[in-house]
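# Sequence and predicted structure below; questions after.
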Amino acid sequence: MRTQYGQYMEVDALIIEGATTEFLLGEDWMLSHGVKIDFVSCEMKWYDGDVKKVVPFACTRTGQPDDQPAKVRLLRRARMQTQTCRNVVVAVAAPEGAVGVFMPRPRTKANLLLAPTLTTVRGGKIVVPVLNLIRATTKLPSREVLGTWAPTSDDMTVMELDGELTNAKVKRWLDEKFGEAKPLSNEGELRMGHMGTEDKELFLQLLRQYPALLEPRTGCPPATTLPVEHEIHTGNEPPIKVRPRRYAQSEHGVIDGEVKGMLKDGVIEKGDGAWGFPVVLVKKKDGSVRFCIDYRMLNAITKRDVYPLPRIDDTLDNLHGAKRYTSLDLHAGYWQVPVALKDRDKTAFVTRQGLFRFMRMPFGLANAPGTFQRMMDAVLRGFTWQTCLVYLDDVIVFSRGGVGQHVVELAMVLERLSNAGLSLKAKKCSFATERLEYLGHELDEKGVHPMASLVESVVNFPVPKDAAAIKSFGWNGAGGNHSRRRSSV
């Protein structure tokens, strides 16, 4: 027979034709199976051969506290496909119809993430969402304890996000969830939108809870705590070694300085493999130099990861009409992703100091954008396209309500980023602004507009006089959707 909690067991019973009612297992069965009743954990335990059986039950004895937390166990084994989120039915020893909060364990044996959930008990069961972040199918074993469930008390308030949230309600929620925190050392440098003193203090109260995310840091940030690594699949192709380029003496000094800094920060390590690629120094607009590796020959033999990046037009359409925006920029985002140990030799580069390889994901690899976008989509799954958008290392949190709603929605995003062990570059972030420059456009409550600087460049663009000048007039394609009578141009 099968119990309501998904356990199968053998029972000697007389079958009555037409009987459809449920029946109870009595003392004779419990004695014969050596069942132990644990009133502390509200569980029945016994062994079926070498297999341990555990069934939760609801304690109804006199004096049992109504607010006692209960263990939550998986009813039956669940299979989780790679990079998916699904609802799982679990067992809890609680009264029928009770409303409570499921609080998951920090991490399951299968490295799956579970979300805190407000639930109603139905037949000794609740439903909780489970997220598989790893790139492999995995299983949740039956009877595993996934967390605890505690009934809501009379003084608990469920905040609705469908309507406007008052500052008082949001502040009470922040006080209960976090409490007091020390001011950030860089609070005076944070870029914040125009808002009243009360709104600003509410916002700062939230940001102060995440110093690990927002406090300034130098060097390479810590690697993500997620089970994510960048892999480079080259099949059976032999190793590639490209002859180093010739550099000026001043360029050698720049390269030596970059290598010294990356060694100190744990971004690279000395290599001894058969792969090697040349260093390229690229000048930026501000005159500084960007240190790059020429991975073109490696990319030519790499099996492509076709994980998509969001379409810019879809992203802009989704942001249309929002009242508040927060732009989050990850600190050295790619460097927060480790390179798989088996593929580190493939990232090697050559300088006059020797051979080095990357421990963190470098720029220039063909599949690096896909790896990073997949990780960020997994971290913020369930929020993307609803309260936030992710384009590589840029995260936009948007709200169509007031500051109170924006605080709550930003709190959910910051909590996910914090749990993933990611770091932000606070000086490049902007918080609760009413206008936002994003991907070459200006966003506000009225819609999406081309950036004024780009419009000025187009207005003052000289009349093309030859084919080369016409080809350089690329804005007609990029910003033509903001132009009247575009077809006549």
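Right, received. Where do you want to start?
# neighbours around residue 403, how many?
Residues lying near residue 403 (other CB atoms under 10 Å) number 22. C-betas here are computed from N, CA, C, even on glycine.
# Please tell me I have it right and it contacts residue 202.
Yes: between residue 403 and residue 202 there is a contact under CB atoms under 8 Å: 6.7 Å.
# Overlap of the contact sets of the two?
With contacts taken as CB atoms under 8 Å, 6 or more residues apart in numbering, residue 403 and residue 202 have residue 167 as neighbours in common.
# Can you list the low-confidence ranges for this protein?
1-9, 18-23, 39-42, 56-68, 83, 106-111, 133-134, 153-166, 453-461, 471-489 (pLDDT under 70).
# Give me the buried stretch members for stretch 311-321, please.
For stretch 311-321, the neighbour count (16 or more other CB atoms under 10 Å) marks 315-316, 318-319 as buried.
# Centre of the chain to that stretch, how far?
Chain-centre distance of stretch 311-321: 20 Å, with CA atoms, centre = their mean, to the nearest Å.
# rewinding a little: which ones among the buried residues of stretch 311-321 map onto strands?
Using DSSP state E to define strands, no part of the buried residues of stretch 311-321 is located there.
# Identify, from the residues you listed, the entry nearest to residue 118.
residue 318 (26.6 Å; CB to CB).
# which ones are touching that closest one?
385, 389.
# Let's see that with 10 Å instead.
Contact analysis of residue 318 by CB atoms under 10 Å, 6 or more residues apart in numbering lists 310, 384-386, 389, 396, 398.
# Which members of the residues you listed are classed as buried?
Taking 16+ other CB under 10 Å as the criterion, what is buried in those is 310, 384, 389, 396, 398.
# tell me the contacts of the last one?
Contact partners of residue 398, counting by CB under 10 Å, 6+ apart, are 318-327, 386-389, 406, 409-410, 436, 443.
# Recalculate using a threshold of 6 Å.
Taking CB atoms under 6 Å, 6 or more residues apart in numbering, we find residue 398 in contact with 319, 322, 325.
# ok, the first one - contacts?
When contacts are counted by CB under 6 Å, 6+ apart, residue 319 is found next to 398, 443.
# That one and residue 310: what is the separation?
Applying CB to CB, to the nearest Å, the value for residue 319 to residue 310 is 11 Å.
# same thing with residue 45?
49 Å.
# Over to residue 466?
From residue 466 to residue 310 the distance is 37 Å (CB to CB).
# What of residue 413?
16 Å.
# One more: residue 209?
From residue 209 over to residue 310 the distance is 29 Å, taken as CB to CB.
# Run through the helices of the chain in chain order.
27-33, 167-177, 197-207, 211-214, 249-265, 296-301, 312-319, 368-379, 403-419, 452-459, 467-472, 475-478 (DSSP state H).
# can you redo those helices as CSV with distance to residue 278?
Formatted as CSV, those follow (distance: least, CB to CB, whole Å):
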stretch, distance to residue 278
helix 27-33, 71
helix 167-177, 51
helix 197-207, 43
helix 211-214, 36
helix 249-265, 11
helix 296-301, 10
helix 312-319, 32
helix 368-379, 18
helix 403-419, 35
helix 452-459, 35
helix 467-472, 30
helix 475-478, 32
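# Let me know which of those is the nearest to residue 427.
Per CB to CB, nearest to residue 427 of the helices of the chain: helix 211-214, 9.9 Å.
# So which bits of that closest one are buried?
By neighbour count on 16+ other CB under 10 Å, the buried set for helix 211-214 is 213-214.
# just how off-centre is it within its chain?
Centroid displacement of helix 211-214 relative to its chain, using CA atoms, centre = their mean, is 16 Å.
# Send over it as CSV, restricted to the C-alpha atoms.
In CSV, the C-alpha atoms belonging to helix 211-214 read as follows (Å, rounded to 0.1, in the frame of the first residue of the first chain):
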residue,chain,number,x,y,z
PRO,A,211,28.3,45.7,2.5
ALA,A,212,29.8,42.7,0.8
LEU,A,213,28.1,43.7,-2.4
LEU,A,214,28.6,47.4,-2.3
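# Adjust the sequence numbering to begin at 28 for everything that follows.
Okay, residue one is now 28; in that scheme the one you just asked about reads as helix 238-241.
# need the contact list for residue 270.
By CB under 6 Å, 6+ apart, residue 270 has no neighbours at all.
# From the contacts of residue 425, pick the one nearest residue 206.
The nearest one, if we look at those relative to residue 206 and count by CB to CB, is residue 352, at 27.8 Å.
# I'd like to know how many residues surround the closest one.
If we define neighbours as other CB under 10 Å, then residue 352 has 23 of them.
# so it touches residue 460, yeah?
Yes: using CB atoms under 6 Å, residue 352 is in contact with residue 460, at 5.3 Å.
# Residue 404: neighbour count?
So residue 404, with other CB under 10 Å, has 15 neighbours.
# One more: the one 5 residues further on?
A count of neighbours around residue 409, defined by other CB under 10 Å, yields 13.
# ok, so what distance separates the residue positioned nearest the centre of the chain from residue 468?
Nearest to the mean C-alpha position of the chain, counting by CA atoms, centre = their mean, stands residue 406 at 1.4 Å. As judged by CB to CB, residue 406 and residue 468 stand 25 Å apart.
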